[in-house]
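*Asks:* sequence and predicted structure, then a few things I'm wondering about:
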Amino acid sequence: MAGSMLAAIHFGDDQDIDKLLEAFVSTRLASGLRICGVLQSRSGAKGECYCSDMDLKAIGTGKVFRISQPLGSGSSGCRLHPGAMAECSAYLDQHIQEGCDLLVLNRFGKGESQGQGFRDLISTALMAGIPVLTATRENYRKDWQIFAGDLGIELPFDQTSVSSWFAGLEHEDAASTLAPQKNLSINSATL
């Protein structure tokens with residue numbers, strides 16, 4: 001679906017999605033685009049827990065959100081910190097309201113598949129006409145497909161494909177600004 005404003009990069013455990021997203025964002029920021037969103041980083045495992053800490057770093061401002069919480073060595077539950085995710089989401093929502101050209105979110109994962117996480121933020125951006133790029137693993141792929149429906153597309157783990165997707169949106173946007181504007185009336189009862 002060419003021109004979809006919602007895209008997720010499908011990636012596997014052996015692929016460094018954070019590096020791919022960071023390279024894509026760096027290139028676009030250097031070209032002058034206003035990008036909102038977060039990129040993920042992990043620090044080494046330490047203390048009682050053998051998992052690494054997960055941080056989200058806001059694009060453009062560098063604000064860091066620790067989204068993992070220590071549960072101790074005997075725990076087997078999810079370490080994702082819902083309160084930190086909510087704080088990060090509110091922070092990003094403010095930046096979306098200020099305007100941006102693209103929203104980049106590190107993952108469509110467990111929180112989003114359960115109706116939480118960044119789901120509302122994705123909807124807010126799309127309603128404001130802002131394209132959204134995220135990433136999803138195989139175990140959340142079906143949930144992504146259900147959420148995105150006909151509005152979203154999946155991209156392969158490939159910098160060229162991601163760049164082509166966004167370039168297509170930029171081309172469509174440029175063409176629409178050159179086209180004559182028509183007075184459209186939308187019946188909200190049919191929405």
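*Replies:* Cool, got the structure. Because the structure is a prediction, the values reported are computed rather than measured.
*Asks:* which outside residues touch the lowest-mean-pLDDT helix or strand in the chain?
*Replies:* Within the chain, no helix or strand scores below helix 159-178, which has a mean of 80 by mean pLDDT, DSSP states H and E. For helix 159-178, contacts defined as C-beta atoms under 8 Å, 6 or more residues apart in numbering pick out 2-5, 7, 9, 20, 23-24, 27-28, 102, 131, 133, 153, 155. Yep, even glycine has a C-beta here, placed from its N, CA and C like the rest.
*Asks:* list only those of these flagged as buried.
*Replies:* Restricting these to buried positions leaves 4, 5, 7, 9, 20, 24, 28, 102, 131, 133, 155, with burial counted as 16 or more other C-beta atoms under 10 Å.
*Asks:* which of those residues fall within strands?
*Replies:* Among those, the members falling in strands (DSSP state E) are 7, 9, 102, 133, 155.
*Asks:* pick the one among those residues closest to residue 139.
*Replies:* Using C-beta to C-beta, residue 9 comes nearest to residue 139 of those, at 15.0 Å.
*Asks:* list the contacts for the closest one?
*Replies:* So residue 9 contacts 17, 20, 21, 133, 134, 135, 136, 154, 155, 156, 157, 162 (C-beta under 8 Å, 6+ apart).
*Asks:* look up how far residue 67 lies from it.
*Replies:* Residue 9 sits 19 Å away from residue 67, taking C-beta to C-beta, to the nearest Å as the criterion.
*Asks:* scan this structure for its longest strand.
*Replies:* If you go by DSSP E, the chain has its longest strand at strand 35-42.
*Asks:* okay, now the sheet partners of that strand, with direction.
*Replies:* With DSSP bridges as the test, strand 35-42 is paired with strand 54-58 (antiparallel), strand 102-104 (parallel).
*Asks:* mind listing what the residue most central in space within the chain touches?
*Replies:* Among the residues of the chain, the one closest to the centroid is residue 105, at 2.1 Å (C-alpha atoms, centre = their mean). Residues near residue 105 by C-beta under 8 Å, 6+ apart: 37, 38, 118, 121, 122, 132, 133, 134.
*Asks:* would you mark the buried spots in the longest strand of the chain?
*Replies:* For strand 35-42, by 16+ other C-beta under 10 Å, it's 35, 36, 37, 38, 39, 40.
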